[in-house]
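Trainee: Model the structure of this input:
(one chain, ligands or ions: 1)
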Amino acid sequence: MQLMRFPSQHLEILEEVDAACDELLLPELEHYLARRFDEQIPIILNRHSLLGIPIREEYGGRGADAVTYGLALERMGQVGMGVVTFVDVHSSLAGLAIQQWGDPSQRETYLTPSVKGEKLLAYALTEPEAGSDPASLRMTFEEKGGRYVLKGSKYLISNGSVADALLVFAYPEHSREGMCAFIVDSDAEGFEVPMLLEEKLGLFTSDTALLEFNDCIVPRENLLGPKGRGLQVAYSALVNGRLGIASGCIGVLEDCLNQVVERAKERRQHGKEIGKHQLVQKHIAAIAMNLEMARWPTYFASMKKAEYDAHPEDLGLRAAVDHQSALAKRIASRLAFEAADHAVQVFGGFGYSVLAGVGRHFCDVRVARIYEGTDEIMDLKIASGVLGREFEAYR
Ligand SMILES: Cc1cc2nc3c(=O)[nH]c(=O)nc-3n(C[C@H](O)[C@H](O)[C@H](O)COP(=O)(O)OP(=O)(O)OC[C@H]3O[C@@H](n4cnc5c(N)ncnc54)[C@H](O)[C@@H]3O)c2cc1C
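Mentor: Now for the predicted structure:
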């Protein structure tokens, strides 16, 4: 069903996204059952030139506008949040940040290879003691002999053990001000991945790692953005990331709806298809309503982002994108989780299995209410967006 015509020039990319998603279905299931990172995600996406969908063509990307990129992530969300997490981190959190904040040499060294699948990217902000409050992070850097020396840990980092380059955030030693952002090569001296976080509730095809930086050597030219503006780099990346996660959640909602419709027409109990039982219809109605309630704020946020990308000097638009992205993520992640719960219920006992797509969505999409800003942090952002900056609950 054609719901609306999008104001986008790049919708033809979606045909390739569709083909890649079809190819990803089987490897995603196999890796989910084996509980390990699906290395086919970057391979298949690269085969379809989809590792830089929102990255400008001059750096080798597809140059898609925010609406098309959102629709691409939506399609990937139908396959699962493992795929969405990989792409969101690689392209939205890290790729777009290098495009926005990097100098020409950093874009050439990291961004263009990332689009060709030669360098996978990660975004490492969270630490064991600093999650919702990244301003309290403990990682430090020192300038020594014309290089930076990083010390500390990063925790729960997606793509952490598979990335070739990571965006890392740290304060100058002995200071709580002047946070900086760095691009760290995974083969840098002093960089280690001591542990993969395998005891997750779901999201098994996504790589989640603990990282250690033991006097990790970073060349001077790998400072990303102006000195002391690391927190701004981190927050700007999260705005892009949240929109991507909201879009992925729309895909989860769509897949839950598609799957329950099929099941409700096939499965028979008490002498008729379960879809003819009114209480089952109530679950289906709930999923359909959740999808519509989540879809529109997310599309609106993508359209605002596309408008802002065309007018980056407009600070009002920037604030609107920040606000709408938080709203979209908050709404879409909760409604997707609730929809997955309804879908598991419609599937009955089989729904309570990771062999059922709805079972996997239920386990996986829960994380969207936590990463890239928890529900509570999104509420605070939304409220201060309405009340005004002087009402920000924290700084
Ligand atoms: C699978 C997975 C992948 C991830 N990938 C990445 C990644 O790639 N890169 C990265 O940097 N991080 C990543 N994260 C980390 C994620 O962003 C953090 O877990 C998240 O920001 C929350 O931080 P926390 O876990 O330390 O919780 P905490 O900050 O300790 O929060 C605990 C609870 O307190 C609430 N809370 C905290 N402060 C306030 C407040 N001021 N007001 C009201 N409530 C508050 C929170 O909302 C939450 O409910 C990932 C996490 C997971 C689970």
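Trainee: what about the nearest residue to residue 220 once chain neighbours are set aside, how many neighbours?
Mentor: Leaving aside its sequence neighbours, residue 220 sits nearest to residue 146 (Cβ to Cβ, 6 or more residues apart in numbering; 5.6 Å). Using the backbone N, CA and C atoms, a C-beta is placed for each residue, glycine as well. Number of residues near residue 146 (other Cβ atoms under 10 Å) recorded here: 7.
Trainee: try residue 324
Mentor: With other Cβ under 10 Å as criterion, residue 324 counts 25.
Trainee: Report whether the host helix or strand of it contacts the ligand.
Mentor: Take DSSP states H and E as the rule and residue 324 turns out to sit in helix 315-347. No. Judged by Cβ under 6 Å from any ligand atom, helix 315-347 stays clear of the ligand, getting no closer than 11.5 Å.
Trainee: tell me the centre residue of the protein?
Mentor: In the chain, the centroid-proximal residue (Cα atoms, centre = their mean) is residue 88; its distance is 3.4 Å.
Trainee: Which residue, neighbours along the chain excluded, lies closest to that residue?
Mentor: residue 244 is the one closest to residue 88 (Cβ to Cβ, 6+ apart), at 3.9 Å.
Trainee: OK, contacts around the one you found?
Mentor: 69, 70, 73, 84, 87, 88, 91, 92 (Cβ atoms under 8 Å, 6 or more residues apart in numbering).
Trainee: right, and the secondary structure at the third one would be what?
Mentor: State at residue 73, reduced to three classes by DSSP: H, G, I helix; E, B strand; the rest coil: helix.
Trainee: what's the answer for the second one, then?
Mentor: Here residue 70 is recorded as helix under three-state DSSP.
Trainee: Test my guess that it contacts residue 295.
Mentor: No. Assessed by Cβ atoms under 8 Å, residue 70 is found out of contact with residue 295, at 10.5 Å.
Trainee: which one of these two has more residues nearby?
Mentor: Higher neighbour count among residue 70 and residue 295: residue 70, with 29 against 22, using other Cβ under 10 Å.
Trainee: Now do the more buried one, the pLDDT please.
Mentor: Reading off the confidence values, residue 70 has pLDDT 97.
Trainee: How about the contacts made by it?
Mentor: 243, 244, 246, 247, 298, 299, 302, 305 are the contacts of residue 70 under Cβ under 8 Å, 6+ apart.
Trainee: Can you get me a residue count around the first one?
Mentor: Burial measure for residue 243: 29 neighbouring residues, criterion other Cβ under 10 Å.
Trainee: How many residues are close by the closest residue to it other than its chain neighbours?
Mentor: Nearest-residue entry for residue 243: residue 325, 4.5 Å, with adjacent residues in sequence omitted and distances by Cβ to Cβ, 6+ apart. Using other Cβ under 10 Å, residue 325 has 29 neighbouring residues.
Trainee: What residues does the protein have near the ligand?
Mentor: Going by Cβ under 6 Å from any ligand atom, the residues of the chain near the ligand are 89, 123-126, 131-132, 156-158, 200, 203, 208, 367, 370-372, 374, 376-377, 380, 394.
Trainee: Narrow those residues to just the buried residues.
Mentor: 89, 123-126, 131, 156-158, 203, 208, 367, 371-372, 377, 380 (16 or more other Cβ atoms under 10 Å).
Trainee: In helices, which of those residues appear?
Mentor: 377, 380 (DSSP state H).
Trainee: which stretches of the protein form helices?
Mentor: Going by DSSP H, the chain shows helices at 13-34, 40-47, 66-79, 81-87, 96-101, 104-106, 112-115, 230-266, 278-310, 315-347, 357-365, 375-387.
Trainee: quick one on the thing from earlier: ok, so of the buried ones among the residues of the chain next to the ligand, who is nearest residue 38?
Mentor: Comparing those against residue 38 with Cβ to Cβ places residue 203 closest, at 10.8 Å.
Trainee: which residues touch that closest one?
Mentor: 81, 82, 85, 363, 364, 367 are the contacts of residue 203 under Cβ under 8 Å, 6+ apart.
Trainee: From residue 334, how far out is the third one?
Mentor: For residue 85, the distance to residue 334 equals 18 Å [Cβ to Cβ, to the nearest Å].
Trainee: quick one, which of those two is more surrounded?
Mentor: Of the pair residue 85 and residue 334, residue 85 is the one with more neighbours under other Cβ under 10 Å, namely 28 against 19.
Trainee: thought that one was touching residue 200?
Mentor: No. Applying Cβ under 8 Å, one finds residue 85 not in contact with residue 200, separated by 11.2 Å.
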